[in-house]
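Visitor: Need the 3D shape of this:
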Amino acid sequence: MLREIRTFLAVAKRGTFAAAGQQVGLTQSAVSAQIKHLEQALGITLFDRSARAASLNAAGQRALPIAEQLLELFQAMGQPDSLDSYRGELRIGAIGSVQTGLLPAALVRLREQAPQIDAKLVPGVSINLLSQLDAGELDVAILIRPPFDLPSDLHCEVIAREPFVLITPPALAGECPLALLEQQPFVRYDRASFGGRLVSQFLREQRIEPRQVLELDELDAIVKMVQSGLGVSLIPLAGLWLERREGVRVLELGARVFYRELVLIERSAQRQRPLQQLFRRCLPGQGAAAR
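Guide: Numbers count the residues shown, from 1 in each chain. Down below sits the predicted model:
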């Protein structure tokens, strides 16, 4: 019956049998059959069905937290007594600058303390990683703090605050960041990204409309464009480019500085698992807080 419970949770989250099937690897008809089997076993109907959607009815809403608890209890049965006995994958989602920034050292510490764990790194942008975590495709995700409230079953913990700076080509004269933003071509941090939204908010607050020449999401690529003389840019002090920052001039924003917060997001029900706790302790600055 556990597979039916997993399918029930997928339908409840995705809202359609077809979308749930994509998540759990079943056809729409197989999902329908499993839900029917579950409803027959329970003697109740769990969903109000329409041609395009399946929404939880009152009985389904009551059953949802119980189903989550049952699945968690089953998974807890397989937890070994010590980390040395763990096997399998830890699926870690991370944005690009985290992969080249704080994550490598954390993975080294994880390997030292739980050598049997196979850490699987899943790259992506923040919004996509959040969706994958919400769908159960990731165990943890490190991304930029979303500009909206998260579902109650996800736990968000700030692990780093990265200040934004103005970067310019090395030979460009001028010391005032605001003046350079007004005068020089602008390489924009993608407005659709969580970090790019912070840049847009800053520019609105300073009443600056820069002369944009390019827009992209990858920080290292933005730095390369600035190094080549394409323009100036506002980006966080984060990622691999910090190791070769001599190729650009970095101007701090002073009293106008704003920050990008990196957060670790997990499913609330899984936070107390030994492996989840160990991973948190392996992150820079998190050892004491996670104990």
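
Visitor: Alpha carbons only: can I get the helix or strand where residue 72 lies in PDB?
Guide: Using DSSP states H and E, residue 72 maps to helix 58-77. The C-alpha coordinates for helix 58-77 follow below in PDB (Å, rounded to 0.1, in the frame of the first residue of the first chain):
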ATOM      1  CA  ALA A  58     -12.600  17.000   3.100                       C
ATOM      2  CA  ALA A  59     -11.700  13.400   3.600                       C
ATOM      3  CA  GLY A  60      -8.500  13.800   1.500                       C
ATOM      4  CA  GLN A  61      -7.400  16.800   3.400                       C
ATOM      5  CA  ARG A  62      -7.800  14.900   6.700                       C
ATOM      6  CA  ALA A  63      -5.800  11.900   5.200                       C
ATOM      7  CA  LEU A  64      -3.000  14.000   3.800                       C
ATOM      8  CA  PRO A  65      -1.000  14.700   7.000                       C
ATOM      9  CA  ILE A  66      -1.500  11.100   8.100                       C
ATOM     10  CA  ALA A  67      -0.200   9.800   4.800                       C
ATOM     11  CA  GLU A  68       2.900  12.000   5.200                       C
ATOM     12  CA  GLN A  69       3.500  10.600   8.700                       C
ATOM     13  CA  LEU A  70       3.100   7.000   7.500                       C
ATOM     14  CA  LEU A  71       5.700   7.500   4.800                       C
ATOM     15  CA  GLU A  72       8.100   9.200   7.200                       C
ATOM     16  CA  LEU A  73       7.600   6.300   9.700                       C
ATOM     17  CA  PHE A  74       8.400   3.800   7.000                       C
ATOM     18  CA  GLN A  75      11.500   5.600   5.900                       C
ATOM     19  CA  ALA A  76      12.600   5.900   9.600                       C
ATOM     20  CA  MET A  77      12.500   2.100   9.900                       C
END
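
Visitor: Determine the next helix or strand in the C-terminal direction from it.
Guide: Past helix 58-77, the next helix or strand by DSSP H and E is strand 88-94.

Visitor: what's in contact with the helix or strand following that following strand?
Guide: Later in the chain than strand 88-94, the nearest helix or strand by DSSP H and E is helix 96-99. Here helix 96-99 makes contact (C-beta atoms under 8 Å, 6 or more residues apart in numbering) with 121, 123, 142, 143, 218, 219, 220, 236, 238, 239, 240, 262. The C-beta positions use only the backbone N, C-alpha and C, and glycine is treated the same way.

Visitor: number of nearby residues for the last one?
Guide: By other C-beta atoms under 10 Å, the residues close to residue 262 number 26.

Visitor: Touching, it and residue 146? I think so.
Guide: No: using C-beta atoms under 8 Å, residue 262 is not in contact with residue 146, being 11.7 Å away.

Visitor: Which parts of the stretch 51-200 of the chain are helices?
Guide: Assigned by DSSP state H, counting those that start in this stretch, the helices in the stretch 51-200 of the chain fall at 58-77, 96-99, 103-113, 126-134, 177-183, 194-205.

Visitor: Done for today, thanks.
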